[in-house]
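Undergrad: this one's sequence-less:
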């Protein structure tokens, strides 16, 4: 049976997100229950009354052991509506179902009629605009798989905007937006963010919803039934973060470190972090991968006064004009804060620009820097040789100047002798 899977309740997935929205003792209509993995939990754990609509009769009969009633048939034939039209449901579930339908909008609109006034439709759909799909398309590849984003039974595809438009067309209103996430290379589509020449990995990381694997929504019949709108759908998967550590004399420990996620589209970052009174050394890991950053300023603020920290160390391979090139996956900057502990409520402030998170770019920059350093060393060697030659020439010039001075002195002495001889002749003395 194709979709005969156990229910995963540990990792973040669409079924778990859907289950978390359902209240105990609810009346539920579940489309496409397959073998009943979700149905079983709804009945046994949440004590729900579950009505089913399933295309596969064998799977439906298996799920029915946990359900109240079952309709077998194509969802788009609407036998379910005829059989359940007098029932009003607290929840109607489309867990990875709408992408299998020819006209999902019509089914969604029809199901709305079976909702209680304050009932909810819970749905999940795969994201056709996931980076994994787009990378293959840009390589002129489109290969269907047995499950996943390009399941070979999918006949309708969704992106963020097309999903939003369908919901709007059905006069439904999202009260909660959620999602599951998956990086390129970690799902059923095997490819890499480096597969498309000329496109930096940073582009894929900066695409909105590019790593949303599934959209998971809770919908209401009207705005008046929404107590609070919740949007925890993150357009950007957190690939990068800044991490800080403190050493109180017992070493730096991962469990007491702090992480701060990055927005990939923001280049300048400024962090103000409180210094622990026991902190002797403050460690800043600017990014959790190789990177190039420009440190604008590191300072400490205490008692209303901010002063620049002039001395700190790092494991950067190259530093030039406050630009730090880290060729390691664990870049770090260490600041001695022992003298700062005496201040009340001291804060350390780090202001820096991200030049690149891209490892290929860092590699390229590393090569450029090394070539520049090689060129600089060669030029420096030539300069040293020239300076040696200049020193020799200066020595010769000094020797020539000394000789000139001696000649000038001799010239002056001869001139004096000649002048004295001329004076004696004027007084009638014979020249010898």
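TA: Everything's here; your move. In this text, all values refer to a predicted model and were calculated from it rather than measured experimentally.
Undergrad: list the buried ones in the helix or strand harbouring residue 167?
TA: Using DSSP states H and E, residue 167 maps to helix 160-169. Under the neighbour-count criterion of 16 or more other Cβ atoms under 10 Å, helix 160-169 has 160, 163, 166-167 buried. Using the backbone N, CA and C atoms, a C-beta is placed for each residue, glycine as well.
Undergrad: can you redo these as CSV with distance to residue 244 and pLDDT?
TA: As requested, those are exported to CSV (distance: Cβ to Cβ, whole Å; pLDDT from 0 to 100):
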residue, distance to residue 244, pLDDT
160, 34, 98
163, 38, 98
166, 44, 98
167, 41, 98
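Undergrad: can you tell me which of those residues lies nearest to residue 239?
TA: When the buried residues of helix 160-169 are ranked by distance to residue 239 (Cβ to Cβ), residue 160 comes first, at 19.2 Å.
Undergrad: biggest helix in the chain, by residue count?
TA: helix 359-426 (DSSP state H).
Undergrad: Now that one: average pLDDT?
TA: When pLDDT is averaged along helix 359-426, the result is 77.
Undergrad: list the contacts for residue 26?
TA: 46, 48-49, 90-91 (Cβ atoms under 8 Å, 6 or more residues apart in numbering).
Undergrad: Apologies, that question was intended for residue 316.
TA: Counting by Cβ under 8 Å, 6+ apart, the residues that residue 316 touches are 324-326, 331.
Undergrad: can I assume residue 114 is in contact with residue 81?
TA: Yes. Under the criterion of Cβ atoms under 8 Å, residue 114 makes contact with residue 81 at 7.2 Å.
Undergrad: neighbour-wise, which of the two wins?
TA: Set residue 114 next to residue 81 and count neighbours by other Cβ atoms under 10 Å: residue 114 wins out with 19 against 16.
Undergrad: domain parsing for the protein?
TA: 14-231, 241-357, 373-432 (automatic domain parsing).
Undergrad: how about the helices of the stretch 201-350 of the chain, start to end?
TA: 201-206 (DSSP state H, counting those that start in this stretch).
Undergrad: Which parts of the stretch 101-250 of the chain are strands?
TA: 115-126, 173-181, 212-220, 230-231, 241-247 (DSSP state E, counting those that start in this stretch).
Undergrad: Would you mind putting those strands into TSV with distance to residue 105, mean pLDDT and mean neighbour count alongside?
TA: As requested, those are exported to TSV (distance: least, Cβ to Cβ, whole Å; pLDDT from 0 to 100; neighbours: other Cβ atoms under 10 Å):
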stretch	distance to residue 105	mean pLDDT	mean neighbour count
strand 115-126	12	98	21
strand 173-181	15	96	20
strand 212-220	13	97	24
strand 230-231	22	94	12
strand 241-247	39	85	18
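Undergrad: Now tabulate these in CSV and tack on distance to residue 20.
TA: As requested, those are exported to CSV (distance: least, Cβ to Cβ, whole Å):
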stretch, distance to residue 20
strand 115-126, 10
strand 173-181, 9
strand 212-220, 10
strand 230-231, 12
strand 241-247, 25
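Undergrad: The ones you listed: which one's closest to residue 154?
TA: Short answer: strand 115-126, nearest of the strands of the stretch 101-250 of the chain by Cβ to Cβ, at 7.4 Å.
Undergrad: What pairs with the closest one, parallel or antiparallel?
TA: Paired neighbours of strand 115-126 in the sheet (DSSP bridges): strand 89-95 (parallel), strand 212-220 (antiparallel).
Undergrad: ok, residues contacting stretch 328-340?
TA: Against stretch 328-340 from outside (Cβ under 8 Å, 6+ apart): 275, 279-291, 295, 298, 300, 302, 309, 311-317, 324, 346, 348.
Undergrad: what ranges of the protein fall below the confidence cut-off?
TA: 1-12, 263-265, 277-278, 340-344, 358-373, 422-432 (pLDDT under 70).
Undergrad: what about 50?
TA: Along the chain, segments meeting pLDDT under 50 span 3-5, 8-11, 430-432.
Undergrad: and the residue most central in space within it, backbone torsions?
TA: Nearest to the mean C-alpha position of the chain, by Cα atoms, centre = their mean, lies residue 239 at 3.5 Å. The phi/psi pair for residue 239 (degrees, to the nearest 10) reads phi -90, psi -30.
Undergrad: okay, the buried residues of helix 160-169 in TSV with distance to residue 54 next?
TA: Formatted as TSV, the buried residues of helix 160-169 follow (distance: Cβ to Cβ, whole Å):
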residue	distance to residue 54
160	29
163	24
166	23
167	24
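Undergrad: Closest one to residue 183 out of those, please.
TA: Nearest member of these to residue 183, counting by Cβ to Cβ, is residue 160, at 17.9 Å.
Undergrad: residues touching the nearest residue to the closest one once chain neighbours are set aside, list them.
TA: Spatially, and ignoring its direct neighbours in sequence, residue 160 is nearest to residue 209 (4.8 Å; Cβ to Cβ, 6 or more residues apart in numbering). By Cβ under 8 Å, 6+ apart, residue 209 lies in contact with 127, 129, 159-160, 179, 233, 235.
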